[in-house]
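Could you work out the structure for the sequence below:
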Amino acid sequence: MKKRFVLAMVLCVALCLAFGGAALASSAGDSISYVSDTVGLLSPDEQQELETTAAQLAERYGCGVYVIIVDDYTDYTNGSIEDFSEAMFDHYGLGLGDDRNCLLLSLSMSERDYDLDAHGSIANRAFTDYGKEQLAQEFIDDFRYDNWFDGFKDYLSTAGQYLEESENGAPVDVPGYDGTPDYDGGYTESYSSGANILMIVVIPCLISLAVCGIFAAQMKTARRQTGARGYISHGGVDMRVTQDQFLYHTETRQPIPQNDNNSGGGTTVNSAGHSHSSGKF
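Numbering: from 1, shown residues only. Below is the predicted model:
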């Protein structure tokens, strides 16, 4: 009898701890995996493979790389797809470390909208404005043909490359933005100085001498004239009409400066610490 009483007490304590833990988890907010597919684009095996890859990136670089797929983002917000991403970031507590470093790819299927949202010092350094645009091209070419799994694999793989390059001190950005030339500085031009002088000096001189010789030969029949009668037409000279005829004219052209908004580099971060790149797929 005593043993049964003790067993019942232990069971009651265990149940209390279980319900208490569940209540604490509920009050702390919802949790989410790295890859959340509410539409069913991915098979369970595909989602698990992507989940494993994202977890490895998080452990390696201290930056969570997420995917959230919904049918229509306007079911969650009255704002833009960027507002939806930030709402998901806040609701699920995304990000790692004190800065909550993360890169989130949000997909809304109804109008085929996407958004790349970076947050935190690690993510905003690795995923610049230019870098996010380039990253998007890696998965858009798959998504346009409904190749979802390949597109998400490209997204995670390229995100890992960007994080690695940023960690090495060279984040993906506009070519030449960091002051380095955007061409191969190791290129050298090899040529023969003697041949160069021959082409630049000697050959043009020979051509000029030949032309002068031709003109000189044509002037052998010329004779000195002592009057102007030989230059007047048979009808005489009519001085009543004068006309200026210009053999040459000068035209000046000035190029119109082009407005190029993509000439700069770096990352544009809003007041909440987010940077975005969004569009259609």
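
in stretch 46-64, what counts as buried?
Neighbour-count burial for stretch 46-64, with 16 or more other CB atoms under 10 Å as criterion, is recorded at 46-47, 49-51, 53-54, 57-58, 61-64. Bear in mind the C-beta positions are built from the backbone N, C-alpha and C, glycine included.

Likewise for stretch 271-281?
273-278, 281.

Stretch 66-83 too?
By neighbour count with 16+ other CB under 10 Å, stretch 66-83 contains the buried residues 66-70, 73-74, 81-82.

Show only the entries of the residues you listed found in strands.
Counting by DSSP state E, these place 66-70 in strands.

Quickly find the element holding His91.
helix 81-92 (DSSP states H and E).

Report all helices and strands that that helix contacts.
strand 64-70, strand 102-108, strand 113-119, strand 274-280 (3 or more CB pairs under 8 Å, 6 or more residues apart in numbering; DSSP states H and E).

Can you name the residues in contact with the last one?
So that's strand 274-280. Applying CB atoms under 8 Å, 6 or more residues apart in numbering, the contact partners of strand 274-280 are 80-82, 85-86, 89, 111-119, 124, 127, 129, 132-133, 135-136, 140, 267-270.

just the helices in the protein please.
Using DSSP state H, the helices of the chain run over 2-28, 44-61, 81-92, 121-126, 129-143, 148-167, 193-197, 203-218.

picking up where we left off before, out of the buried residues of stretch 46-64, which two sit at the greatest distance?
Spatially, the most separated pair among the buried residues of stretch 46-64 is Glu46 and Gly62, at 25.8 Å (CB to CB).

residue contacts, Ser108?
70-74, 81, 84, 114.

Which residue, neighbours along the chain excluded, lies closest to it?
Leaving aside its sequence neighbours, Ser108 sits nearest to Tyr73 (CB to CB, 6 or more residues apart in numbering; 3.9 Å).

Give me the pLDDT for that neighbour.
Turning to Tyr73, the model gives it a pLDDT of 98.

And the furthest pair within the buried residues of stretch 271-281?
Using CB to CB, the pair of the buried residues of stretch 271-281 lying farthest apart is Gly273 and Phe281, separated by 25.6 Å.

distance of Gly176 from Gly264?
Gly176 sits 11 Å away from Gly264, going by CB to CB, to the nearest Å.

which residues do these two both contact?
With CB under 8 Å, 6+ apart as the test, Gly176 and Gly264 reach no residue in common.

and which of the ones in strands among the buried residues of stretch 66-83 is nearest Ser157?
Distance ranking of those against Ser157, using CB to CB, places Val67 first at 13.1 Å.

ok, the closest one - contacts?
Neighbouring residues of Val67 by CB under 8 Å, 6+ apart: 34-37, 50, 54, 104-105, 107, 152, 155.

In JSON lines: these, plus pLDDT and distance to Leu163.
Converted to JSON lines, these look like this (pLDDT from 0 to 100; distance: CB to CB, whole Å):
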{"residue": "Tyr34", "pLDDT": "98", "distance to Leu163": "14"}
{"residue": "Val35", "pLDDT": "98", "distance to Leu163": "17"}
{"residue": "Ser36", "pLDDT": "98", "distance to Leu163": "21"}
{"residue": "Asp37", "pLDDT": "98", "distance to Leu163": "23"}
{"residue": "Leu50", "pLDDT": "99", "distance to Leu163": "16"}
{"residue": "Ala54", "pLDDT": "98", "distance to Leu163": "12"}
{"residue": "Leu104", "pLDDT": "99", "distance to Leu163": "14"}
{"residue": "Leu105", "pLDDT": "99", "distance to Leu163": "14"}
{"residue": "Leu107", "pLDDT": "99", "distance to Leu163": "21"}
{"residue": "Phe152", "pLDDT": "99", "distance to Leu163": "17"}
{"residue": "Tyr155", "pLDDT": "99", "distance to Leu163": "13"}
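
with those in mind, which one is nearest to Ala170?
Once CB to CB is applied, the member of the contacts of Val67 that ends up nearest Ala170 is Tyr155, at 20.8 Å.

which ones are touching the closest one?
67, 105, 135, 138-139.

now the stretch 51-200 of the chain, which segments are flagged as low pLDDT?
For the stretch 51-200 of the chain, the stretches with pLDDT under 70 are 177-200.

Beta-bridge partners for the closest residue to Ala58 other than its chain neighbours, please?
Counting by CB to CB, 6+ apart, Ala58 lies nearest to Gly64, which is 5.0 Å off, once chain neighbours are set aside. Judged by DSSP bridges, the bridge partners of Gly64 are Cys102.
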